[in-house]
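Undergrad: Sequence first, then the predicted structure, then my questions.
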Amino acid sequence: MTTADISEGASQKRRTPDAQAFLDMQASPEFQELRRRLRRFVFPMTAFFLAWYAAYVLLATYASDLMATKVLGNINLGIILGLGQFVTTFAITALYVRFANRELDPRSAAIREELEGPVK
């Protein structure tokens, strides 16, 4: 969604579905596929990041000699792995945005169009 879409949104009208329409849509194969695709990305990526973070914390706690290993001047392995946490966070965010734009957004737009109808 762009800022132009948001500013135009005030004048756009769609029908408001009732509660049963939402329940029916939630049970539909299209919605189930959308949820399945989201979960196939989010759960493994979350598990990867939590394992990576736990490994960093465990290394910092129990392998302080390893983490204190000088790599370049006063920069040690602990600093590099700590900064790697930030890099990983930004990389996962970029991957998710690309995944959502390619896989999730078109499907959710189609579901919304089916549920609420076209913009009038």
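TA: In hand now; what should we look at?
Undergrad: Relative to its centre, which residue of this protein is most distant?
TA: What lies farthest from the middle of the chain is residue 73; by Cα atoms, centre = their mean that is 36.7 Å.
Undergrad: Please report phi then psi for it.
TA: Main-chain torsions, residue 73, degrees, to the nearest 10: phi 60, psi -120.
Undergrad: any chance you could map the strands in the chain?
TA: 70-72, 75-76 (DSSP state E).
Undergrad: Quick one: residues in contact with the shortest one.
TA: In other words, strand 75-76. 67, 68, 69, 70 (Cβ atoms under 8 Å, 6 or more residues apart in numbering). All C-beta spots, glycine's among them, are computed from the backbone N, C-alpha and C.
Undergrad: Most neighbours among those, please name it.
TA: residue 67 (18 neighbours; other Cβ atoms under 10 Å).
Undergrad: Surely it and residue 82 touch.
TA: No. The criterion here is Cβ atoms under 8 Å, and residue 67 misses it with residue 82 at 9.0 Å.
Undergrad: Tell me how many other residues crowd residue 43.
TA: Neighbour tally, residue 43, other Cβ under 10 Å: 10.
Undergrad: actually residue 39, not the one I wrote
TA: Quick note: residue 39 (other Cβ under 10 Å) scores 10 neighbours.
Undergrad: measure it to residue 61 for me?
TA: Residue 39 is 32 Å from residue 61, where distance means Cβ to Cβ, to the nearest Å.
Undergrad: Show me what the longest helix anywhere in the chain is packed against.
TA: For the chain, the longest helix by residue count, based on DSSP state H, is helix 29-62. Where contact means 3 or more Cβ pairs under 8 Å, 6 or more residues apart in numbering; DSSP states H and E, helix 29-62 is packed against helix 64-67, helix 77-99, helix 105-116.
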